[in-house]
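Colleague: okay, here's the prediction I keep looking at, along with the sequence it came from:
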Amino acid sequence: MEKRMAEALELLGLKELNTRDISTLSDGEFQKACIAVGLTRNCKLLMLDEPTAFLDVDGRAMVLGALKNAAEKTGICVIFTSHDLQVSLQFCHRVLAFTPDGRFLESSAENRLEVLRQAFPAATIA
């Protein structure tokens, strides 16, 4: 477990913070530490609610890239919520969306962009 935690902390850029008291971490550091804990578990599914909250743009990309790499390396299924449509396209294999009128839409790996455009026609989605 200690080895897995060290690897997760390094993956999330927190290696140098492993001796600090958790109460001294910033919101973003705390968010990453919580994700690191999740990655150390021997689970098949990791569910995260807005895992990039409190993170700047670089931190978001780093965390989501780390989650994607961990999923590909270990086979863990990562499910997360996000209000950022571009993030969903960049890091997710599939997208599940609730439209403003309450409809549920599901994508395959191939039609993610179309599903998001259908769900949110007023949004600018590249």
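Modeller: Ah, there it is. Residues are numbered from 1 along each chain as shown.

Colleague: and the strands in this protein?
Modeller: 45-49, 77-81, 96-98, 104-106 (DSSP state E).

Colleague: out of those strands, deepest packed?
Modeller: strand 77-81 (a mean of 15; mean count of other C-beta atoms under 10 Å). For every residue, glycine as well, the C-beta is placed using N, CA and C.

Colleague: which residues touch it?
Modeller: 44, 45, 46, 47, 48, 49, 50, 51, 67, 68, 70, 71 (C-beta atoms under 8 Å, 6 or more residues apart in numbering).

Colleague: tell me how many other residues crowd residue 1.
Modeller: Number of residues near residue 1 (other C-beta atoms under 10 Å) recorded here: 8.

Colleague: how close does it get to residue 8?
Modeller: Relative to residue 8, residue 1 is positioned 10 Å away (C-beta to C-beta, to the nearest Å).

Colleague: which residues are in contact with both of these two?
Modeller: The contact lists of residue 1 and residue 8 share residue 40, where a contact means C-beta under 8 Å, 6+ apart.

Colleague: domains for this protein, by residue range?
Modeller: 1-81, 83-126 (automatic domain parsing).

Colleague: TSV for the ones you listed, including mean pLDDT?
Modeller: Listed next are these as TSV, based on pLDDT from 0 to 100:
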stretch	mean pLDDT
domain 1-81	88
domain 83-126	81
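
Colleague: looking at this protein, which helix is longest?
Modeller: With DSSP state H applied, the helix covering the greatest number of residues in the chain is identified as helix 57-74.

Colleague: can you list the buried residues in that helix?
Modeller: 59, 60, 62, 63, 64, 66, 67, 70, 71 (16 or more other C-beta atoms under 10 Å).

Colleague: for it, which helices and strands make contact with it?
Modeller: helix 2-11, helix 27-40, strand 77-81, helix 85-91 (3 or more C-beta pairs under 8 Å, 6 or more residues apart in numbering; DSSP states H and E).
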